[in-house]
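**Student:** next come a sequence and a model predicted from it.
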Amino acid sequence: MLKYALWVRLEAKPGKEKAVADFLNSGLQLAMQETRTPVWFALKLGPSTFGVFDAFADEAGRQAHLSGPIAQALMAKASELLAKPPAIESVDVLGAKVSA
């Protein structure tokens, strides 16, 4: 069961909205390679506000993701693309239904 998650809120710098969306779209390729990240969503919440939600079976998976290639790429691009540092919250999953 997925019990551990991350909620990340991103605010694009003015004029960088498309670059943030493109960056998040490219993150899917990296997420597909993370065997301990079974659920990963990149979201557009508003004109310049974006989010990432991902969920994990255990705390080790969450920590592996936080130190993995997506997080590293995000932090490398944050000052260029984002109006403020990403707001990263560890959250608990109370219930989930994931199917394709």
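**Tutor:** Now that the structure is in, tell me what you want to look at.
**Student:** any idea which helix is longest in this protein?
**Tutor:** helix 17-33 (DSSP state H).
**Student:** and the contacts of that helix?
**Tutor:** 10, 12, 37, 40, 42, 44, 47-48, 50, 52, 54, 68-70, 73-74, 77, 81-82 (Cβ atoms under 8 Å, 6 or more residues apart in numbering). Bear in mind the C-beta positions are built from the backbone N, C-alpha and C, glycine included.
**Student:** now with 7 Å?
**Tutor:** 10, 12, 37, 40, 42, 44, 47-48, 50, 52, 69-70, 77, 81 (Cβ atoms under 7 Å, 6 or more residues apart in numbering).
**Student:** extract the CA atoms of stretch 93-100 and return them as CSV.
**Tutor:** Provided in CSV are the C-alpha atoms of stretch 93-100 (Å, rounded to 0.1, in the frame of the first residue of the first chain):
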residue,chain,number,x,y,z
VAL,A,93,-1.5,8.9,2.3
LEU,A,94,-4.8,7.9,4.1
GLY,A,95,-6.3,6.2,1.2
ALA,A,96,-5.6,5.7,-2.5
LYS,A,97,-7.1,4.3,-5.7
VAL,A,98,-4.7,4.2,-8.6
SER,A,99,-5.6,2.4,-11.8
ALA,A,100,-5.1,3.1,-15.5
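**Student:** quick one: buried residues of that stretch?
**Tutor:** The neighbour-count check on stretch 93-100 (16 or more other Cβ atoms under 10 Å) flags nothing as buried.
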